[in-house]
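Enquirer: for reference, the sequence and a predicted model appear below.
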Amino acid sequence: MMEPRILEVRTKVLKKNDETAREMRQQFLDAGVLVTNLVSSPGTGKTTLLRETLMRLAADGERAAAVVGDLETDNDARRLAESGVPVRQIMTHGCCHLEADMVRDHLAGWNLADLDHLFIENVGNLVCPTSWDLGESVRVALLSVTEGEDKPLKYPGLFNTSDAAVITKIDLAEPCEFDRIQALENIQSVRPEMPVLEVSAKTGDGVDEWIRFLRTQRRRLTKPACSKN
Amino acid sequence: MHELSIAGSIVEIVSDYAQEHGALQVTAVTLRLGQLSCVHQEALEFSFDLITKDTLLEGAVLKFIDVPVAVFCPSCQQQVELPGIQKFACPVCGTATADVRQGRELEIETIEITEGGPSSQVSASAARETS
Ligand SMILES: Nc1nc2c(ncn2[C@@H]2O[C@H](COP(=O)(O)OP(=O)(O)OP(=O)(O)O)[C@@H](O)[C@H]2O)c(=O)[nH]1
Ligand SMILES: [Mg+2]
Ligand SMILES: [Zn+2]
């Protein structure tokens, strides 16, 4: 005889991803590599800023590498590889975000201990990447001056779970009539006390501060763990 | 459409769980969804219907428990619910806070199954898995 029954499951839907990410985070910490996950809408300037970042770090003798998620092409990986550092493409074939195991599988063969910085360029999307922990130490939400000041209010999920925000393409702020004060206010509204960097990968404005920010984050990694709040 | 990945994970977890408990069929799945979980309920239902074809979960109903965002207010020294997700500040005293205590949930709470017979009966406490 059939009888309906209710079972308590109480399990996180993304439990498997969370477990993989936790293992990866530990490996990253053990290796002393700062892992930065870059998330934004398509075209915000992730690849352009990352390329510049990789070149600057390499020029200063820091060891960096990058993995980049893309729906169908390897264009971004080729652009990043021009910096001379190791780069791998993660082709997601229609999947709109990166998951922890995709990143793990693409790190195979790299000795993490040989790296100071590992960057993950996520698939251009402001919603989907939010729920997937990739084991990163720093999640950066990027927003360009061409996108409008209210992006943080429209996508609070991403901005709230990020550790820093980067406003990109500030060379275009004036023609776009970008309301900087409003943008900063909106970011603080959805994520109080979030550090915000303002850069132009084109003119180089703000890139020094961005690099400094990354170095500070990396130094914190190797210090004894302190509470985040 | 990350809801397709999420639906896939749900089916994986629920199928295993239901089989372990001798289910013939899963008739409902209840999810706890935080307001910050970034999951679109209709998109998830659509993906779920698509992906459950020919599984134990075929035809199962998805039910949602909406979980509002709550933060810890350092001034009031208590957890407070936010009326929305655009302003992370205490609704009582106005203090800004990023200390989110609730609202990111994306969890399977319960499932409803039909089972074969007395041999497959499992007590609710044995069925509960602590993660
Ligand atoms: N003016 C100006 N243009 C920029 C800047 N950064 C990027 N761009 C331009 O913006 C466009 C998109 O830049 P990408 O770096 O490819 O953006 P992305 O975020 O990597 O894009 P997806 O990977 O497709 O999500 C390109 O045409 C860049 O040249 C900048 O600082 N200033
Ligand atoms: Mg790119
Ligand atoms: Zn308060």
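Expert: Nice, I can see it. Numbers count the residues shown, from 1 in each chain, chains lettered A, B, ... in the order given. Ligands and ions are numbered 1, 2, ... in the order given.

Enquirer: neighbours around the residue in chain A that ligand 3 sits nearest to, how many?
Expert: For chain A and ligand 3, the shortest gap (CB to the ion) falls at A:Pro192, measuring 12.7 Å. (C-beta placed from N, C-alpha, C; glycine too.) The local packing count at A:Pro192 equals 17, with neighbours defined by other CB atoms under 10 Å in any protein chain shown.

Enquirer: what does B:Gly84 give?
Expert: Here the number of neighbours of B:Gly84 (other CB under 10 Å) works out to 12.

Enquirer: ok, and for the worst-scoring helix or strand of chain A on mean pLDDT, which residues are buried?
Expert: Using mean pLDDT, DSSP states H and E, strand A:3-12 stands out as the lowest-scoring helix or strand of chain A, at a mean of 92. Neighbour counts using 16 or more other CB atoms under 10 Å in any protein chain shown place A:Arg5, A:Leu7, A:Val9, A:Thr11, A:Lys12 of strand A:3-12 among the buried residues.

Enquirer: tell me where chain A has helices.
Expert: Counting by DSSP state H, the segments of chain A that form helices are A:15-31, A:46-59, A:75-81, A:100-106, A:151-154, A:156-160, A:180-190, A:207-222.

Enquirer: do the fifth one and chain B come into contact?
Expert: Okay, so that is helix A:151-154. Yes: Helix A:151-154 comes into contact with chain B (CB under 8 Å from any CB of the partner chain), by way of A:Leu153.

Enquirer: in PDB, list the C-alpha atoms belonging to that helix.
Expert: What follows is helix A:151-154, C-alpha atoms only, in PDB (Å, rounded to 0.1, in the frame of the first residue of the first chain):
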ATOM      1  CA  LYS A 151      23.800  48.200 -10.500                       C
ATOM      2  CA  PRO A 152      24.600  47.500  -6.900                       C
ATOM      3  CA  LEU A 153      20.900  48.000  -5.900                       C
ATOM      4  CA  LYS A 154      19.800  45.800  -8.800                       C
END
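
Enquirer: mind giving me the packing neighbours of it?
Expert: The elements that helix A:151-154 packs onto, with contact taken as 3 or more CB pairs under 8 Å, 6 or more residues apart in numbering or on different chains; DSSP states H and E, are strand A:138-144, helix A:180-190.

Enquirer: again, but for the longest one
Expert: Counting contacts by 3+ CB pairs under 8 Å, 6+ apart, the secondary-structure elements packed against helix A:15-31 are strand A:34-39, helix A:100-106, helix B:3-20.

Enquirer: out of these, which is the most enclosed?
Expert: Across the helices and strands packed on helix A:15-31, averaging neighbours per residue (mean count of other CB atoms under 10 Å in any protein chain shown) puts strand A:34-39 on top, at a mean of 26.
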